[in-house]
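Enquirer: A predicted structure for the sequence below; I have some questions about it.
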Amino acid sequence: MPTILGQNQYGKAENRVVKITRDGDTHHIKDLNVSVALSGDMDDVHYSGSNANVLPTDTTKNTVFAFAKEHGIESAEQFGIHLARHFVSSQEPIRTARIRIEEYSWERIATSGGNSRFIGADEVKHSFVRKGQEIRTTQITYDGEEWQVISGLKELSVMNSTNSEFWGYVKDKYTTLKEAYDRVLATDVSARWRYNWTSDEARMPNWEKSYEQARKHMLEAFAETYSLSLQQTLYQMGSRIINSRSEIDEIRFSLPNNHHFLVDLEPFGLKNDNEVYFAADRPYGLIEATVLRDGIEPQIPVDMTNL
Ligand SMILES: O=c1[nH]c(=O)c2[nH]c(=O)[nH]c2[nH]1
């Protein structure tokens, strides 16, 4: 034979598993991207196509989701150790299991209470923002007389583990979506807001403070809105900013609906009591809208991806 097989491994990469632990109304989130790579006695499948030693990659995926339910996710390390031990000890041909895990950290959204139905709350127990990853943006245009400042942020990931429903929508012959009365609502906020400051340099807004406050109001509105649709949540986020920040007249959002699908664990004899989700990355719903101070003409472009 002129060739021989060298190093080889296989498995399912990037299993996006989200585990929500509901401790009364305080929820805890573990959000992992788990990649499984198995190796061992795999010569035959490569040389002859015999699958006798091959545990399907599909099974490795199922195992990740089932283990999230059966063993929980205490830490990425503990979860990876469980998985690796399982593959090597349960399948004779598998000698080595390499589990790679990325963990995405979420922190609770802090709110100041105020005009919400969570008056007095300082942390919403089911609302989370992904740790320190958003990108702040600004676009400044000056024609020698007037300024236009459009600032914003993108890639600010937020999630509500409850207080989100979606039902009562149009149904035609292609509609299969089941109505949801308690779903996960997650999005990566992309928002651009336009300042009404155009000329008087002595009255320029405090840009740093304005950004902090706009971000805060947006997060609070996300956390505090009992959502019947992402569209409704979007409008609440926008109007909270317009109503709280007199220097901002217009805000546009582009919000992907980051779907979290409950994993069917019945085939493994496990009940999924709203705990283990598959976080799909595509396709996603994309909800976009502008919220304006009444009487103001819109200026932020509909397609704001380049802003
Ligand atoms: O908040 C939502 N808005 C929609 O328009 C929509 N469409 C859909 O399938 N799911 C959802 N969720």
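Expert: Structure received.

Enquirer: So the nearest residue to Glu247 once chain neighbours are set aside versus Asp249, what's the distance?
Expert: On the basis of Cβ to Cβ, 6 or more residues apart in numbering, the spatially nearest residue to Glu247 that is not a chain neighbour turns out to be Pro205, at 4.4 Å. Where C-beta positions appear, they are placed from N, C-alpha and C, glycine not excepted. Noted for Pro205: a distance of 12 Å to Asp249, by Cβ to Cβ, to the nearest Å.

Enquirer: Run through the residues that contact the nearest residue to Ile94 once chain neighbours are set aside.
Expert: Counting by Cβ to Cβ, 6+ apart, Ile94 lies nearest to Gly40, which is 4.4 Å off, once chain neighbours are set aside. Contact analysis of Gly40 by Cβ atoms under 8 Å, 6 or more residues apart in numbering lists Asn53, Gln91, Pro93, Ile94, Arg95, Thr96.

Enquirer: Would you agree the first one falls within a helix?
Expert: When you say that, I think you mean Asn53. No. Assigned with DSSP: H, G, I helix; E, B strand; the rest coil, Asn53 falls outside any helix and is coil.

Enquirer: Now it: closest residue in space that isn't a chain neighbour?
Expert: Pro93 (3.7 Å).

Enquirer: Now do the contacts for that neighbour.
Expert: Pro93 makes contact with Gly40, Asp41, Met42, Asn53, according to Cβ under 8 Å, 6+ apart.

Enquirer: try it again with 10 Å
Expert: Contact partners of Pro93, counting by Cβ atoms under 10 Å, 6 or more residues apart in numbering, are Leu38, Ser39, Gly40, Asp41, Met42, Asp43, Asp44, Val45, Ala52, Asn53, Val54, Leu55.

Enquirer: do Gly238 as well
Expert: By Cβ under 10 Å, 6+ apart, the contact set of Gly238 is 191, 193, 217-218, 221, 248, 250-253, 289-292.

Enquirer: What of Asp182?
Expert: So Asp182 contacts Ser161, Thr162, Asn163, Ser164, Glu165, Asn274 (Cβ under 10 Å, 6+ apart).

Enquirer: Just the buried ones from those residues?
Expert: Neighbour counting by 16 or more other Cβ atoms under 10 Å classes Ser161, Thr162, Asn163, Ser164, Glu165 among these as buried.

Enquirer: List just the nearest of the residues you listed to Gly285.
Expert: Using Cβ to Cβ, Ser164 is the member of the buried ones among the contacts of Asp182 that lies nearest Gly285, at 12.8 Å.

Enquirer: Wait, the closest one touches Leu185, no?
Expert: Yes. Counting by Cβ atoms under 10 Å, Leu185 is a contact partner of Ser164 at 3.7 Å.

Enquirer: what touches both of those two?
Expert: His126, Thr225, Ser227, Ser229, Leu230, Thr233.

Enquirer: Name the spans of the stretch 101-250 of the chain whose pLDDT lies under the cut-off.
Expert: Applying pLDDT under 70 to the stretch 101-250 of the chain flags residues 113-122.

Enquirer: Show me what from it comes close to the ligand.
Expert: With Cβ under 6 Å from any ligand atom as the criterion, the stretch 101-250 of the chain meets the ligand at residues Phe166, Leu177, Ser229, Leu230, Gln231.

Enquirer: Good, wrapping up.
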